[in-house]
Each structure stands twice: as structure tokens, then as C-alpha cells.
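K.L.:
Got a sequence here, can you model it:
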Amino acid sequence: MALLESVKVPLGTLMPSFVLRDPSGKEFSSDGLYGDRGLLVIFTCNHCPYANAVWPRLVRLGVYAAGMRLGVVAVNPNINPDFPDDAPGKMTAKARELGLSFPYLVDEDQSVAKAFKAQCTPDIYLYNNKKALVYHGRIDDNWKDEDAVTREELKEAMNNLAAGIPVDKKQMPAMGCSIKWRD
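P.N.:
A predicted model of the protein is given here:
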């Protein structure tokens, strides 16, 4: 799999509203996913080795975020017949395997990923309670080896957001497999 970086989205950009379903058909709106302090949106999938390497960290960060009154949602834009491991039924199994504490939603027509300008899996966005982007970057400084991580940028951004401290504007892009666009 080729490594791709997320594109720069200006901080302060307002979050695109969306309504998506989980694999069982339950509907979720972006407004309903928000926590008191904001929302963490993660574009990810099942098959990408980069996404799989960081899924355990995202699971822990999801629990951490809930304790900080931040909402969390994962969105799978790779609903593509060429990638059967990312099909909704496989998403259900993945969510159960990981013990996800947040929704894992299906972006069937990929319109939500396009609205966010998502490029890769994972591609991570943190919004404040005014729906303004405060962080768009990587989880930490070593996607390959969690034991070698020296800086947890996403967690730092979440902590600052929750504490009312400005989030560092110097942000490194997320990296992962390209989204498998259907058109």
C-alpha cells in the first residue's frame, strides 16, 4: 500500500454537517455526535495496514475523549466493491473485535469524506464546540511502533481543547492508505 498524507485544511474551517448510518442501519447526525467540548472525526477502514496499526490507540483515545466530554466517531469511506474487507458487515465484526465505544459509520457514497477533504486512512479531525477545526493531523510521531512514540499530538490537542488552551497550530499531517474512491 502506498503511503499518502492528509491535505492541509485551514484551522477554523467549520465542520461539514452529515447524516450517516452504522452497518446495522442506525442513523447518526453530526450534531448528535458532538460532546460538550467538541467532536473527534476519524476517517478509517478495516484493511489498511496504517489504519490497523493505530486502531488500538484510537480505541483508547475514544474512551479518553469521552471522559473529556468530547464526542468521537469513525467513518469508513472505503465502501468499494474492490475492497471487500471494508464492507459494512466486516465493519461490524471489526467494531466488535476492537470493543469500540464510539460509532463506526458507513460513508456509502463517499460524500462525507469528500466534504471533509479526507485523503487517507486514518485521516483525523478535531473540532471544538463551535464546530471549528482545531486539529487535523497525525495521532502521534510513530505509527509503526507504539512503544517508540515520543509525542502524542492528538492527545495533546484534545487536552488543550478540553482545558481551553489554544491547540498548537504546528501540526504534522496524518498518513495512511489512500481512500479508495469509486469515481
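K.L.:
May I have the secondary structure class of the residue nearest to the spatial centre of the chain?
P.N.:
Compute the mean C-alpha point of the chain, and by C-alpha atoms, centre = their mean the closest residue is Ile42, 0.7 Å away. Under DSSP: H, G, I helix; E, B strand; the rest coil, Ile42 falls in the strand class.
K.L.:
ok, now Lys90?
P.N.:
Going by three-state DSSP: Lys90 is helix.
K.L.:
For it, which non-adjacent residue is closest in space?
P.N.:
In space, Lys90 comes closest to Asn46 once its chain neighbours are excluded; the distance is 5.4 Å by C-beta to C-beta, 6 or more residues apart in numbering. Where you see a C-beta, it was placed from the backbone N, CA and C, and this is true even at glycine.
K.L.:
any idea how far Ile165 is from that neighbour?
P.N.:
Distance of Asn46 to Ile165, computed by C-beta to C-beta, to the nearest Å: 35 Å.
K.L.:
For those two, indicate the residue with more neighbours.
P.N.:
Asn46 (22 against 11; other C-beta atoms under 10 Å).
K.L.:
Surely Asn160 is in a helix?
P.N.:
Yes: remark: Asn160 belongs to a helix, assigned using three-state DSSP.
K.L.:
which residues touch it?
P.N.:
Asn160 makes contact with Pro166, Val167, Asp168 under the criterion C-beta atoms under 8 Å, 6 or more residues apart in numbering.
K.L.:
Buried among those? Need that as a selection in PyMOL.
P.N.:
Buried residues within the contacts of Asn160, by 16 or more other C-beta atoms under 10 Å, are selected in PyMOL with:
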select buried, resi 167
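K.L.:
Would you reformat the contacts of Asn160 as TSV and include secondary structure, pLDDT and distance to Ala51?
P.N.:
Output for those, formatted as TSV (DSSP: H, G, I helix; E, B strand; the rest coil; pLDDT from 0 to 100; distance: C-beta to C-beta, whole Å):
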residue	secondary structure	pLDDT	distance to Ala51
Pro166	coil	95	29
Val167	coil	96	23
Asp168	coil	94	24
